[in-house]
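Participant: Let me see the structure of the following:
(2 chains)
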Amino acid sequence: MSGTPPSRIPRVRQAISAPAHRWPRLTAFVIATVSTFIVLAVVGFLVVNAAGWPKFQKAFLDGEVFFDRLPEIAKAFLLNVRLFVTAEVLILGGGLLLAVLRGLKSPIFFPLRLAAIAYIDIMRGLPSILVIYMLGLGIPTLNIAGVSKDPFIWAVVALTMVWSAYVAEVYRSGIESVHPSQNAAARSLGLSASQSMRFVVLPQAIRRVIPPLLNDFIGLMKDTALISFIGPIEVFRRAQISAAATFNFTPYLVSAMIFLLLTIPMARLVDWLVERSRRRQTAGSR
Amino acid sequence: MTIERPGTGGQPEAVERPEMVGASGRRLGGEAVSVEGLYKSFGDLEVLKGIDLAVAEHEVVCLIGASGSGKSTLLRCVNLLEPVDAGRVVVEGADITARGVKIDIIRRRIGIVFQAYNLFPHMSVIDNVMLAPRKVLKLSKSEAKSQALTLLQRFGLEEKADQYPDRLSGGQQQRVAIVRALAMKPDLLLLDEITSALDPELVAEVLDVIRELAEAGMTMIIATHEMGFARDIADRVCFLDAGRLLEEGPPDEIFGHPREARTRQFLDRVIQAGRMGGGSSGG
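Facilitator: The predicted structure is shown next:
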């Protein structure tokens, strides 16, 4: 504390933000850029100079095959999207219902609660592919009058059954993260248990579980490829067929990129939504 | 003095009983709530060991006592946020602890304000206030809104109507919580250490609201550590010690000449801690 202190404020800021050493902004940016380029260059050098690189390039990175097969593979992807969207809507509802049933505390509802727990345990323990097989092949075989044999419908049902169980657990963690005092405040105002759940607990719970829900969305997106096992040709099967026709693996790369084209924006979108709702709640006005 | 309850739109009280006057000089009515032989345990911990307490209409009863003496639990039992183990709570002649009582209907008439405000963080101030009138009393949106705005205005909060709770100071949040409880036009208001979480300079604005409500005739049970405020506002002060109602009486008696050694001990400690004068702001 000798001499004249230049200003109090920078000193305080330093004390708060600098537990360890920090780079100035521009320096940090330059360092990050240079370090990224070095890493990419080293990895690129190693890959390109690998013994099998020419062979790999030919098998997986054939530009001609890529653009040749892109339209048909992209078209097949529409089936995945249709399956994803249909199942997702049902899963969001089904998962919520399961989570609420599982959280029922009154002894009257014990059987419902038990059923929800059993269902979630079983469905989370089964590989999706098994459920798709059992429903998609089993039910048409039963040949019940009036029951659809459409594999698309049974794929939707199977994915909904499996993923509702996962999503229910995500919802439940959100519901449990809302402090009991919120429920107490709602009940003390005369709201019923279900009104408190609907207007006070769930809105807060759902906001908190958007990011983990997105993880499950992405998992579901990838699971849509499993429908090919019971017949319909979706993006992965189409890529397989194209690969067989061209004796080249590039079509797989096409299907991978198509998946990423959808899943990466989904991740960005949700990050943005979370950020926006955080800003909104601290900004003071709507 | 014509007694008007806050939020009842100026309906006159049905019964006037001029013969009963509280220590505060306010006129008291018939019995609003009575607690009889109340027991409550959490696991092995017995928190309430047979509490008897009757509160008259328009009466302001302050509960004092050390932390853990059972003040909060008693309040939470009165509106059945905690189920009672034994004993009865009677509200306007009806045993609300009996089986088959519709708890939600009882709770509409008993407001409670918590130490930690417990506002709904995902709703703006006005939505916090409107929620229960709309969903429970089934008021239309416009009715609920104009009623909420009137109440917010009355407590100087109309400018905060569209803000979210986390943008408000602690004192403002607690006032909103009080308004939210008042929007249900309760017959009885329970206040659970509502200034304990506030910065000292924000305590006064909240206590002033309570003072105003008392003057308007609201029946209140107030658990508090603000002894100056209790002395100032209460018709009756009850000292709770280890789950028992050890001593009760007019504030001058309890604070001036407590009979029980435990009460004296408690008050001595409070005076040492400098909390005696706290809260008697301006009024």
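
Participant: would you list every one of the strands in chain B?
Facilitator: B:31-42, B:45-56, B:60-64, B:86-91, B:94-95, B:110-113, B:188-192, B:219-223, B:236-241, B:244-249 (DSSP state E).

Participant: Pipe these into TSV and attach distance to chain A, mean pLDDT and mean neighbour count per row.
Facilitator: C-betas here are computed from N, CA, C, even on glycine. Shown next, in TSV, are the strands of chain B (distance: least, C-beta to the nearest C-beta, whole Å; pLDDT from 0 to 100; neighbours: other C-beta atoms under 10 Å in any protein chain shown):
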stretch	distance to chain A	mean pLDDT	mean neighbour count
strand B:31-42	14	93	18
strand B:45-56	17	94	18
strand B:60-64	18	95	28
strand B:86-91	14	92	18
strand B:94-95	16	88	12
strand B:110-113	5	94	28
strand B:188-192	9	95	24
strand B:219-223	14	95	26
strand B:236-241	21	94	24
strand B:244-249	23	94	19
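
Participant: Format the ones you listed as TSV; extra columns: distance to B:Leu267.
Facilitator: Converted to TSV, the strands of chain B look like this (distance: least, C-beta to C-beta, whole Å):
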stretch	distance to B:Leu267
strand B:31-42	24
strand B:45-56	20
strand B:60-64	9
strand B:86-91	28
strand B:94-95	35
strand B:110-113	25
strand B:188-192	21
strand B:219-223	16
strand B:236-241	9
strand B:244-249	11
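
Participant: Among the ones you listed, which comes closest to A:Gly219?
Facilitator: With C-beta to C-beta as the measure, strand B:31-42 is the member of the strands of chain B nearest A:Gly219 (41.5 Å).

Participant: neighbouring contacts of that closest one?
Facilitator: By C-beta atoms under 8 Å, 6 or more residues apart in numbering or on different chains, the list of residues contacting strand B:31-42 from outside reads B:46-57, B:59, B:70, B:73-74, B:77-78, B:82, B:84-93, B:110, B:187-188, B:219, B:221.

Participant: re the thing from before, relative to A:Leu92, which of the strands of chain B is closest?
Facilitator: Between A:Leu92 and these, the tightest spacing by C-beta to C-beta is seen for strand B:110-113, at 34.8 Å.

Participant: Against which helices or strands is that closest one packed?
Facilitator: Here strand B:110-113 touches helix A:180-188, helix B:71-78, helix B:170-182, strand B:188-192, going by 3 or more C-beta pairs under 8 Å, 6 or more residues apart in numbering or on different chains; DSSP states H and E.

Participant: mind giving me JSON lines with those and columns for distance to B:Thr263?
Facilitator: Output for these, formatted as JSON lines (distance: least, C-beta to C-beta, whole Å):
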{"stretch": "helix A:180-188", "distance to B:Thr263": "30"}
{"stretch": "helix B:71-78", "distance to B:Thr263": "14"}
{"stretch": "helix B:170-182", "distance to B:Thr263": "28"}
{"stretch": "strand B:188-192", "distance to B:Thr263": "21"}
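
Participant: Tell me which of these lies nearest to A:Gly44.
Facilitator: Using C-beta to C-beta, these put helix A:180-188 closest to A:Gly44, at 52.9 Å.

Participant: tell me which residues in that closest one are buried?
Facilitator: Neighbour-count burial for helix A:180-188, counted by 16 or more other C-beta atoms under 10 Å in any protein chain shown, picks out A:182-188.

Participant: Please export the C-alpha coordinates of the helix or strand just after it as CSV.
Facilitator: Sequence-wise, the next helix or strand downstream of helix A:180-188 (DSSP states H and E) is helix A:193-196. The C-alpha coordinates for helix A:193-196 follow below in CSV (Å, rounded to 0.1, in the frame of the first residue of the first chain):
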residue,chain,number,x,y,z
ALA,A,193,-51.4,-31.1,-5.6
SER,A,194,-52.0,-31.4,-9.4
GLN,A,195,-52.3,-27.7,-9.9
SER,A,196,-49.1,-27.1,-8.0
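
Participant: Reduced to three states, what does A:Tyr166 come out as?
Facilitator: Assigned with DSSP: H, G, I helix; E, B strand; the rest coil, A:Tyr166 falls in the helix class.

Participant: quick one, what contacts it?
Facilitator: By C-beta under 8 Å, 6+ apart, the contact set of A:Tyr166 is A:95, A:124, A:216, A:219.

Participant: Buried ones only from the residues you listed, please, as a PyMOL command.
Facilitator: If you want just the buried ones from these in PyMOL, going by 16+ other C-beta under 10 Å, the selection is:
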select buried, chain A and resi 95+216
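
Participant: Identify, by residue count, the longest helix of chain A.
Facilitator: In chain A, assigned by DSSP state H, the helix with the most residues is helix A:63-102.

Participant: Contacts made by whatever helix or strand comes next after it with the rest, please.
Facilitator: Later in the chain than helix A:63-102, the nearest helix or strand by DSSP H and E is helix A:110-125. When contacts are defined by C-beta under 8 Å, 6+ apart, helix A:110-125 is touched by residues A:98, A:101-104, A:131, A:161-162, A:164-166, A:168-169.
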